[in-house]
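> Would you be able to build a 3D model of this:
(chains A and B)
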Amino acid sequence: MTMTHADESTSEAYVRDRMVEDAAPPSSSVGAIGWMRANLFSSIPNTILTLLGIYIVYLVVPPLIEFTLVNAVWEGEDRTACAQAHGACWPYVEAYFWTFIYGRYPDPERWRVNLTFFLFAIGLVPLLVPQMPFKREGLIYMLAFFPVAALILLTGGDFTYAGFFLPMPEGELRFWIEFLLVAAAVTGGIYLLTREAGGNAKGTALSILAGFGVLAALFFVASIDFGLVEVETPLWGGLLVTLVIAVTGIAASLPIGIALALGRRSNLPIVRLISVIFIEFWRGVPLITVLFMSSVMLPLFLPEGITFDKLLRALIGVALFASAYMAEVVRGGLQAIGKGQYEGAMALGLRYWQMMSKIILPQALTLVIPGIVNTFIGLFKDTTLVLIIGLFDLLGIIQSSYTDPNWASPTQSHTGYLVAALIFWVFCFSMSRYSIYMERRLDTGHKR
Amino acid sequence: MTMKIMPLVLGAAVALAATAANAGTLDDVKAKGFVQCGVSQGLPGFSNPDDQGNWTGLDVDYCRALAAAIFNDPSKVKFSPLSAKERFTALQSGEIDVLPRNTTWTMSRDTALGLNFVGVNYYDGQGFMVRKSLGVASALELSGANVCTNTGTTTELNVADYFRSKDMPYQIVAFEKADEVVQAYDAGRCDVYTTDASGLYAQRLKLTNPDEHMVLPEIISKEPLGPVVRQGDDEWFNLAKWVHFAAINAEELGVTSANVDEMKNSETPSVKRLLGTEGEYGKAIGLSNDWAYNVIKHVGNYGEMFERNVGPSTQLGIARGLNALWSKGGLQYAPPVR
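Numbering: from 1, shown residues only, chains lettered A, B, ... in the order given. This next block holds a predicted model:
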């Protein structure tokens, strides 16, 4: 018996002392084939869609490669190089590339545009990348320093003020006296109104006064002569104009939009009415109408000799227009916040602005990030409409280059539109990716 | 004059091209130091920016001539690219001083719109382009043709008038944008491409084989293109007219930018009057006596402008045709300086 036991304990036939090796999975469920079975051919409808997709890729990609690479012309001095081309005319893009970026901004002054782009980029990085320090400094830089710096760099600064209505000689003195009068009148008026309404009159008046102070500082800085050559806005063009309009629109529309959204949900009837009228008016007219009115009708209403700068007209139009859309996006977010949040905030003894800025808006804005970015992307692409009022944005300058007889060729316009599409796509796609990244970061509470 | 910025109540800024009330355009121009010139957003040969961003073209040269006459410096001009719709508003509101923007001189524009046409710097007209392989030598042989053109312009109406009056059947193939029309014609979707003749020459460059196409001799509409100024400022109107006439007179008298200095010593009375060595003609338009000399010296005579921008040696390759001097079988004619 003992023998038998000993035999059993040493016999490998009965007891395993290590695990069986994993068998390789069936070849149909791993590797490329497995992935394709799982993702591309998992069912009959999926298979049909996959085949359709492959067919579309087959239709689009080879001709695109053929046009942009195989048949393309790479070198040349003028239209003769591309006159017989069946593919893209890259020398034309090379000759015009810097015009596409700067428009007709004078060559020796283009460093100012580059510097502006650079200042913008270094301001943007701390705001966009969560790991970077200097958030507060970055915000102050972007809101206070950068706009003034950009204005002076791009235009050349050294504005002179003529004044407006006082019966005295035109000049700086008249301007500043008028400025003080307006500031005093507005501040005083609001002080009295708030006091009548029983609000915090002193605080409101002080903040308005501070606003005028900032404005005065801005006017003063803009009037300093930095020795820069004046570059008028009709010379601006290309990507520069597109970015100026888009960034101004984006920067202005968010705060104005938030204010309008709060105004529309306010309990004060006048504030609510004004907000509703503003929003519905700007949403009710097409942007192209706004631009057209500003360029064709506005000059007829103004006294002869007074002209608004065209770019300024477009900037104001686009900013107001985008604000109305932004207001409705933000209002959507505000409506998604439960009543309990408001009541809880009030129960803590928070004032209206404290409640909004610390409790409600952070939640509401996080909810509507996709909508906000959607509006931004739409706005970025809408900037191409300024072409109709004679401003040359990126698309406008590309189209205007088609009229150069030195580069006219059969594929010139295709090449130009391809470049425009590519640049627009890069900007819009980056915005879209960044918004997804932000959503994932902020929206942890709602993740499904 | 410096750009002035004034705050409105909300801090919006208004740029004021400061004009004292009732001041003449010439005084304003002299005071601000440049001519503000409204041009097209890009029309080859007339006004289009090149790859360096410099404006070139026949209309652009007119602006430079104006600046040369006033300031003795053709670079003292600023260009406002304007769309067809906003061009007249820009002129009426004082945003620009002169509008040489390939604008057709018509009665309604000259009268009801309150504009004054300075003259005709290019006699244009609607023409036809066909493939040479079609074997057609005249528009009268186009019976039954497919005609490519732009939608909603007078070109469509002119074609209808022309073919109906000649009792020829035809088919219109119309597109929204000029680019599409060219592509359709190039792809063989129609036999004939019609638009203003100057445009035909420019668009021909975008065809796959420009040499296989020809412009037919028939011109079926009158499109006299010329610079425009506001009505009601006769002093400025006169000046604008005579800068145009000076360029034509110079060509007629054989004065070019190359020989203008020698010609200053010429004994021919008409040359002496033009170049200001005799008489006080500059004073009458508010300028110095060598105004025409400056125009010719810096910009050249009309023939030189034509050659440089649209003539046979350029990419456009347009023959003088109607735009030759009256003495050479064309229509360009200027009153004498005397």
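> would residue B:130 count as being in a strand?
Yes. Judged by DSSP: H, G, I helix; E, B strand; the rest coil, residue B:130 forms part of a strand.
> Just give me the neighbour total for residue B:234.
Residue B:234 is flanked by 11 other residues according to other C-beta atoms under 10 Å in any protein chain shown. All C-beta atoms are positioned from the backbone trio N, CA, C, and that covers glycine.
> can you check the one 3 residues further on too?
Here the neighbour count serves as a burial measure; for residue B:237 (other C-beta under 10 Å) it reads 18.
> Name the helix or strand for it, please.
Taking DSSP states H and E as the criterion, residue B:237 maps to helix B:234-252.
> Tell me which helix or strand comes right after that helix.
Following helix B:234-252 in sequence order, the next helix or strand is helix B:260-263 (DSSP H and E).
> now that following helix: how far from the chain's centre is it?
How far helix B:260-263 lies from its chain's middle: 27 Å, per C-alpha atoms, centre = their mean, to the nearest Å.
> what sits up against it?
Helix B:260-263 has contacts (C-beta atoms under 8 Å, 6 or more residues apart in numbering or on different chains) with B:250, B:253, B:254, B:255, B:271, B:275, B:293, B:296, B:297.
> which of those are close to chain A?
Filtering the contacts of helix B:260-263 for proximity to chain A (criterion: C-beta under 8 Å from any C-beta of the partner chain) leaves nothing.
> can you pick the most crowded of those?
residue B:296 (31 neighbours).
> for the helix or strand harbouring it, packing partners?
Assigned by DSSP H and E, residue B:296 falls within helix B:291-298. With contacts taken as 3 or more C-beta pairs under 8 Å, 6 or more residues apart in numbering or on different chains; DSSP states H and E, helix B:291-298 sits against helix B:58-71, helix B:234-252, helix B:260-263, helix B:269-275.
> By neighbour count, which bits of the third one are buried? Give me those.
Yep, that's helix B:260-263 we're talking about. Counting neighbours by 16 or more other C-beta atoms under 10 Å in any protein chain shown, one finds that the buried residues in helix B:260-263 are B:260, B:263.
> Repeat that for the second one.
Judged by neighbour count (16+ other C-beta under 10 Å), helix B:234-252 contains these buried residues: B:236-252.
> gap between residue A:60 and chain B?
Using C-beta to the nearest C-beta, to the nearest Å, residue A:60 is found at 19 Å from chain B.
> What count of nearby residues applies to that residue?
Neighbours around residue A:60, by other C-beta under 10 Å: 10.
> any idea of the mean pLDDT in the helix or strand that contains it?
Here residue A:60 sits within helix A:44-65, counting by DSSP H and E. Mean pLDDT, computed over helix A:44-65, is 94.
> got it, and stretch A:97-112?
pLDDT averaged over stretch A:97-112 gives 91.
> Surely residue B:298 and residue B:74 touch.
Yes. The pair residue B:298 / residue B:74 is scored as a contact, 4.3 Å apart, by C-beta atoms under 8 Å.
> shared neighbours of the two, which are they?
Residues touching both residue B:298 and residue B:74 (C-beta under 8 Å, 6+ apart): B:64, B:65, B:68.
> I'd like those written out as a markdown table, with neighbour count and distance to residue B:47 added.
As requested, the shared contacts of residue B:298 and residue B:74 are exported to a markdown table (neighbours: other C-beta atoms under 10 Å in any protein chain shown; distance: C-beta to C-beta, whole Å):
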| residue | neighbour count | distance to residue B:47 |
| --- | --- | --- |
| B:64 | 23 | 11 |
| B:65 | 29 | 14 |
| B:68 | 27 | 17 |
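> Turn those residues into a markdown table, including pLDDT.
Listed next are those as a markdown table, based on pLDDT from 0 to 100:
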| residue | pLDDT |
| --- | --- |
| B:64 | 96 |
| B:65 | 96 |
| B:68 | 96 |
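> Output those residues in a markdown table; the columns should cover distance to residue A:115.
Converted to a markdown table, these look like this (distance: C-beta to C-beta, whole Å):
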| residue | distance to residue A:115 |
| --- | --- |
| B:64 | 32 |
| B:65 | 37 |
| B:68 | 35 |
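> re earlier: show me which residues of the helix or strand that the helix holding residue A:60 is followed by are buried.
Counting by DSSP H and E, the next helix or strand C-terminal to helix A:44-65 is helix A:79-82. Of all the residues in helix A:79-82, those buried under the rule 16+ other C-beta under 10 Å are A:79, A:81, A:82.
> May I have the beta-bridge partners of residue B:229?
Beta-bridge partners for residue B:229, by DSSP bridges, are residue B:116.
> Quick one: residues contacting it.
B:25, B:91, B:97, B:98, B:99, B:115, B:116, B:118, B:236, B:237, B:240.
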